[in-house]
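Trainee: Provided below are the primary sequence and the corresponding predicted coordinates.
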Amino acid sequence: MINLECLKVRYDRNSPVLTIDSLRINRHERVAIIGPSGAGKSTLLRSIKGYVRPDEGKVEVLGVNLRSAKRHEWRRVNRKIGLIYQQFHLVPRLTVLRNVLCGRLGYANPLRSLLGIFSDEDVNIALSAIREVGLEDILHQRADTLSGGEQQRVAVARMLAQQPSIILADEPVSSLDPVRAENILELITRVHAHHDTALIMSLHQPELAKQFAQRIIGLRNGRVIFDGACDELDNSKLQEI
C-alpha cells in the first residue's frame, strides 16, 4: 500500500531533512511515528500525502509513484488519503455538515461544489460520517462555536467523508488535554478498525503511541532508528529516539 525506497527530502541545499532507505506499510496496519520536534515526522506524512516532492527515491502509494505521477494520477491517489491535522483546519463560519462535505470535494462536480451544491449521495455520506463520530445532534452548528474536542471530531468526520484507503493523522491530539486526547485517539483507532484502511499517525507522546498503535516507527534527525512492535520499544531504545 505504501512503499518508500531510497527517499531523500530537502527543503534547501542543506542536508536532507528526511532520509529513508526502505519503509513499507501495509493495509490494515496501525502505525505511530514518534520522535522529537524536527525529526521528520510531518515531512514523512506530507511525502506520503504527496504534498512534499522528494529530491530522490520512490514514494509509491496505492500503486502509484507520486514522485513521477501525472497530475490526474496524483489527484486520484490524493483523494483516497485522508489527513487529520493538528489544528483541525475547519472553516469557522461553516456548519458541521458543510465542513464535513468538504471531504467530498475530490469527488464532486467542481462547479457545483464551488457553489456549495452537493449531490444527495455526497450529503448521505457526510451524514453517515457525522453519525459515526457522534455529532449528529449539532450538524447545523457553526464550527467556531465548538470545543477543541468537537472540532477534531468534525475533522475526523471530514476525513471519513473522503472514504479513504489511508488515514494520516499529523499530531492529532497535541492541542487537546489528556482526557480529550485519549478520546480522540480511541475514535481514530475505532474508525480505522471499522474501515478497510491503513492508519499512520505522528505522536509526540510515546506512551500514547504504545497504547494506540500496533507498530511504532521512531525517527531521529530524519532517519528511522526504530521500527517494530510496541512491546519491543523498551526504555533503552526509547532513549535513542
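Mentor: Now that the structure is in, tell me what you want to look at.
Trainee: residues in contact with the most centrally placed residue in the chain?
Mentor: In the chain, the centroid-proximal residue (Cα atoms, centre = their mean) is Leu168; its distance is 1.7 Å. Contacts of Leu168 were listed using Cβ atoms under 8 Å, 6 or more residues apart in numbering, and they are 45, 48-49, 81-84, 200-201. (C-beta placed from N, C-alpha, C; glycine too.)
Trainee: looks to me like it is in a helix.
Mentor: No. Assessed with DSSP: H, G, I helix; E, B strand; the rest coil, Leu168 is strand; it does not lie in a helix.
Trainee: distance of it from Ile84?
Mentor: Noted for Leu168: a distance of 7 Å to Ile84, by Cβ to Cβ, to the nearest Å.
Trainee: so where is this structure shaky, pLDDT-wise?
Mentor: Where the chain drops to pLDDT under 70, the residues are 110-111, 113.
Trainee: could you pull out the strands for it?
Mentor: Per DSSP state E, the chain carries strands over the ranges 2-9, 18-25, 30-34, 56-61, 64-65, 81-84, 166-170, 198-203, 215-220, 223-229.
Trainee: list the buried ones in the last one?
Mentor: Applying a neighbour-count criterion of 16 or more other Cβ atoms under 10 Å, one finds 224, 226-227 buried in strand 223-229.
Trainee: parallel or antiparallel, which strands does that strand pair with?
Mentor: If you go by DSSP bridges, strand 223-229 pairs up with strand 215-220 (antiparallel).
Trainee: would you mind getting the angle between the partner strand and strand 198-203?
Mentor: Taking axes from the mean of the first three to the mean of the last three Cα atoms, to 10 degrees, one finds strand 215-220 and strand 198-203 inclined to each other by 40 degrees.
Trainee: ok now stretch 115-134, how far from the chain's centre?
Mentor: Chain-centre distance of stretch 115-134: 20 Å, with Cα atoms, centre = their mean, to the nearest Å.
Trainee: whoops, stretch 73-85 was the one
Mentor: Its chain's C-alpha centre and that of stretch 73-85 lie 10 Å apart, by Cα atoms, centre = their mean.
Trainee: for it, list the C-alpha coordinates in PDB.
Mentor: Provided in PDB are the C-alpha atoms of stretch 73-85 (Å, rounded to 0.1, in the frame of the first residue of the first chain):
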ATOM      1  CA  GLU A  73      -2.800  10.100 -11.100                       C
ATOM      2  CA  TRP A  74      -1.800  12.300  -8.200                       C
ATOM      3  CA  ARG A  75      -5.400  13.600  -7.800                       C
ATOM      4  CA  ARG A  76      -6.800  10.000  -7.900                       C
ATOM      5  CA  VAL A  77      -4.500   8.800  -5.100                       C
ATOM      6  CA  ASN A  78      -4.700  12.000  -3.100                       C
ATOM      7  CA  ARG A  79      -8.400  11.800  -2.600                       C
ATOM      8  CA  LYS A  80      -8.000   8.300  -1.200                       C
ATOM      9  CA  ILE A  81      -5.700   9.600   1.500                       C
ATOM     10  CA  GLY A  82      -7.400  11.300   4.400                       C
ATOM     11  CA  LEU A  83      -5.400  13.700   6.600                       C
ATOM     12  CA  ILE A  84      -6.300  14.800  10.100                       C
ATOM     13  CA  TYR A  85      -4.400  18.000  11.100                       C
END
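Trainee: now do the end-to-end distance for stretch 56-70.
Mentor: Start-to-end span of stretch 56-70 (Cα to Cα, to the nearest Å) is 17 Å.
Trainee: what residues sit buried inside it?
Mentor: Judged by neighbour count using 16+ other Cβ under 10 Å, the buried positions of stretch 56-70 are 57, 59-62, 64, 66-67, 69.
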